[in-house]
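1. my questions concern the predicted model and sequence given below.
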Amino acid sequence: MSLDPSRLAPMANAIRALSMDAIQAANSGHPGMPMGMADVATVLFSQFLKFDPKAPKWPDRDRFVLSAGHGSMLIYSLLYLTGYEAPTIDDIRNFRQLHSPCAGHPENFELAGVECTTGPLGQGLAMAVGMAMAERHLNAVFGDDLVDHKTWVVAGDGCLMEGINHEAIGLASVLRLGRLNVLWDDNHITIDGDTDLSTSEDILGRYQAAGWHTVTCDGHHYGEISRALAEAAADPRPSLVACRTIIGKGAPNKQGGHSVHGSPLGADEVAATREFLSWTAAPFEMPAEIRNDWRALGGKGAAALATWEARLASHPQAGEFSRRLAGELPADKGAARDYLASLVANPPKVATRKASEMALEALTVAIPELLGGSADLTGSNLTKTKATPSFTATDYAGRHVHYGIREFGMAAAMNGMALHGGVIPYGGTFLVFADYCRNAIRMSAIQHARVVYVLTHDSIGLGEDGPTHQPIEHVMSLRAIPNLLVFRPADAIETAESWALALKQADRPSVLALSRQNLPPVRFEAEMKTAKGAYRLKAAEAARQVVLVASGSEVEIALASAAALEAKGIGADVVSMPCWELFDEQDAAYRADLLPAGVLKVSIEAGVTLGWQKYLGDGLAIGIDRFGASAPADQLYDYFGLTADKIVPQITARLGQ
């Protein structure tokens, strides 16, 4: 389609009309951004974006990320106008209403054309970095014939202010992700007012200093927009396109002011906007000529798709490519079975972070789509294996990313990789730094993204680094996130099982909380007991009076406590509970058998006791409800009362013995 303003302006105004009408009907929403970026979006979709609404999961489509997710009516309008199956006009009419796929912020699981869930500012751009990384990796593996696309982002001032932006653009620069193009809605407005209230940064200078290509344009001049986007697409560096726009463009009395950012225009201003734009159609009605122009745009990708499908059909790696993009694990050739058998034959006393590395040595060979990394703690997290050379700007086929000290950026990038498809990302840092990336972990869960977080140094057992580095509340706080599996394995076998289970979760993320200190083996058979979330590790010998429940490094303490109780004639079960979430998914009979009524239930975990009560009833929760201290690990366990000698007297006192 040409850049004839007489054709493009009505198409852009269709976005403005749909946006203001849907937001007015909902009496809620953000009209400023979609109205201000309508011209830029029209040029992007008409001139540059590779897509086909009839094949929204086409692996080689360009990825379009609306990082400024509050402006969700921009993407809903674009999806409807270009002919995606959803949203329908009725969905748009019900914007922000219960069960409408047109939620307040775009949700990837609601609409096929939404690549990722956005709203927390900055994370869309950071996820787009991960998408661009996945594209380059798959291109290096499968070649241009199958993988050759770009990632386009619409971001606002808030996205560029957020701290994660600094992490994301630094990572994109060092990896020279030239297929990544960010379109900045440079409207000089935030919720509070003009951006001068809160920032004096030279944004273009910052991006240039980071190694990005930058270009500016008038965001309402179609020729200028096209020139800038073409320049960005051609440059080998990641690009920031500063699109100088007027927020709420088209609303004659409110455009350019902050009041149009996050509130409906109001009935009078909607009417004034219709007159200003010469838009005569009723709300939620689209003139046939404008609809036809948009639908013609939507159909332009069909030929490119057909050509690509022909290349795929004749490609020697077609089967492997399709398997990876479908998210299916490769056929099990016995590697996992053989590895578990080796652990049974020679049970190792190792830290579970080391056990994770041992498992990864086998898994990264068996599952080539695993793409690991660490936030500058590779030697501590033990995430790199012999099969995973470094992923760099000169070797995109590499499979281990050096994220630098960018925990939040790493987590968001992994979300982007998982959502792009074709790779299964895992990344490591210390568990205490989960707080740095917590919102991205939450977004993994919201988006049903298969991401594995390798979080080591999981307790006071890390020792001398002290309370700043010793997790206390972290495991429990992660357990509070819905749709997230939190594994805290007790030995090498539980760690291997946890990895196997995490990788099978196609629609949810997992955390592996792993010890720094060596742990003795507690399991001596390979029966995938971790799949139940909890299981009876030791049955009472005397008449059962106590059930000890523990996770991770405290399972060995529970076993020692049980032995001491048995010596006193007090029967004690030991239950290892590596994953609360999987245990909660078991049937009531299994859960009741493991944690029966009528006996004292005791939890032992080197963290806060909050939360254990749902399993213990009026039982005894033994843990640490304060910050840690700096000392060798064995001294800390004794100091905080996490030894059999100090636990058993508490239990006998509760039993009245």
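-> Arrived safely, thanks for sending.

2. I'd guessed residue 467 sits against residue 631; true?
-> No - under the criterion of CB atoms under 8 Å, residue 467 makes no contact with residue 631, lying 10.7 Å away. (Each C-beta comes from the backbone N, C-alpha and C, glycine too.)

3. mind giving me the packing neighbours of the helix or strand containing residue 498?
-> Take DSSP states H and E as the rule and residue 498 turns out to sit in helix 492-504. If contacts are counted by 3 or more CB pairs under 8 Å, 6 or more residues apart in numbering; DSSP states H and E, helix 492-504 sits against helix 335-345, helix 352-366, strand 452-456, strand 485-487, strand 510-514.

4. how about 10 Å then?
-> On a contact count with 3 or more CB pairs under 10 Å, 6 or more residues apart in numbering; DSSP states H and E, helix 492-504 meets helix 335-345, strand 350-351, helix 352-366, strand 424-430, strand 452-456, strand 485-487, strand 510-514, strand 518-519.

5. lowest mean pLDDT across the ones you listed, which one is that?
-> If you rank the helices and strands packed on helix 492-504 by mean pLDDT, helix 335-345 sits at the bottom with a mean of 91.

6. could you list every helix and strand in contact with that helix?
-> Counting by 3+ CB pairs under 10 Å, 6+ apart, the elements that helix 335-345 packs against turn out to be helix 352-366, helix 492-504.

7. once you drop chain neighbours, what's closest to residue 560?
-> With CB to CB, 6 or more residues apart in numbering as the criterion, residue 560 has its nearest non-adjacent residue at 3.9 Å, and that residue is residue 644.

8. state the phi and psi torsions of that neighbour.
-> For residue 644, the backbone dihedrals (degrees, to the nearest 10) come out as phi -60, psi -40.

9. can you check the one 10 residues further on too?
-> Its backbone dihedrals place residue 654 at phi -70, psi -30, with angles given as degrees, to the nearest 10.

10. is it in contact with residue 602, as I believe?
-> Yes - when contacts are counted by CB atoms under 10 Å, residue 654 is listed as touching residue 602 (8.2 Å).

11. between those two, which is the more surrounded one?
-> Applying other CB atoms under 10 Å to residue 654 and residue 602 shows that residue 602 carries more neighbours, namely 25 against 14.

12. nearest residue to that one other than its sequence neighbours?
-> residue 620 (4.5 Å).

13. which residues touch that neighbour?
-> Listed by CB atoms under 10 Å, 6 or more residues apart in numbering, the contact partners of residue 620 are 546, 548, 600-604, 609, 612, 647, 650-651, 653-655.

14. thinking again about what came up before, and for the residue nearest to residue 560, the neighbour number?
-> Per other CB under 10 Å, the neighbour tally for residue 644 reads 18.

15. and residue 649, by the same measure?
-> Neighbouring residues of residue 649 were enumerated by other CB under 10 Å; the total is 12.

16. if I look at it, how far off is residue 620?
-> Computed with CB to CB, to the nearest Å, the distance linking residue 649 and residue 620 is 11 Å.

17. show me the contacts for the residue nearest to residue 560.
-> The neighbourhood of residue 644, defined by CB under 10 Å, 6+ apart, consists of 556, 557, 558, 559, 560, 561, 562, 563, 564, 565, 604.
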